[in-house]
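Asker: attaching a predicted model along with its sequence, questions to come.
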Amino acid sequence: NALDGWYRTERALAAVRQRLSYLEAAFSDEAARADREEARANSAHSGALRLRRAHADCSWTIWKLDIACKEEMGRTAAEKLRADKADARISELETELEAARTQEETRADEAAAEVAKLRLDLEAARQSNLELKIECDTQKARVDRLDTKVAELLRHMT
């Protein structure tokens with residue numbers, strides 16, 4: 001009777017291990033997908049910045065300084081000064097850029113929207129990875145409990 005329980009527990013443990021293996025593979029696939037999405041986002045971002053030479057210089061600088069400004073706002077007081085300088089530079093470049101804005105502005109906006117969408121997709125993939133990891137951890141805990149049961153059954157059998 002204890003041997004039957006042990007065999008049932010072993011079968012259940014094998015099924016759980018198989019599910020755990022599947023979940024680990026799914027987790028790995030999701031991580032690879034997140035990496036591809038991030039690479040695609042970076043590629044789309046780079047493509048949006050290839051505009052005409054004079055316009056590209058201004059647009060790239062404004063974009064980069066704007067992002068730098070937003071990131072720097074939350075950092076230390078020493079870096080706050082740098083963000084203020086970047087903000088001032090953005091204002092100067094925006095004044096220069098007004099004469100050069102044409103259809104490239106629309107292309108840059110579309111590319112920025114694509115980057116935002118890809119980043120949302122990336123965040124969704126990361127969330128999915130987190131959920132898979134939680135499921136994986138739950139299954140690992142179940143395997144540990146079943147291992148403990150098997151050990152107890154083996155102790156009772158001897």
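Answerer: Arrived safely, thanks for sending.

Asker: quick check: Glu110 vs Arg8, distance?
Answerer: If you measure Glu110 against Arg8 using C-beta to C-beta, to the nearest Å, the figure is 60 Å. Every residue, glycine included, has its C-beta placed from N, CA and C.

Asker: correction: Glu114
Answerer: Counting by C-beta to C-beta, the separation of Glu114 from Arg8 is 54 Å.

Asker: which of these two has more residues huddled nearby?
Answerer: Neighbour count, other C-beta atoms under 10 Å: between Glu114 and Arg8, Glu114 has more, with 16 against 11.

Asker: so which strand or helix has that one?
Answerer: helix 103-157 (DSSP states H and E).

Asker: show me what that helix is packed against.
Answerer: When contacts are defined as 3 or more C-beta pairs under 8 Å, 6 or more residues apart in numbering; DSSP states H and E, helix 103-157 packs onto helix 2-48, helix 53-72.

Asker: let me know the average pLDDT across the longest one.
Answerer: When you say that, I think you mean helix 2-48. For helix 2-48, mean pLDDT rounds to 82.

Asker: and that helix, how far from the chain's centre?
Answerer: On the basis of C-alpha atoms, centre = their mean, to the nearest Å, the separation between the geometric centre of helix 2-48 and that of its chain is 16 Å.

Asker: okay, the angle between it and helix 103-157?
Answerer: For helix 2-48 against helix 103-157, the angle by axes from the mean of the first three to the mean of the last three C-alpha atoms, to 10 degrees is 170 degrees.

Asker: buried stuff in stretch 112-119?
Answerer: Neighbour-count burial for stretch 112-119 flags Glu114, Val115, Leu118 (criterion: 16 or more other C-beta atoms under 10 Å).
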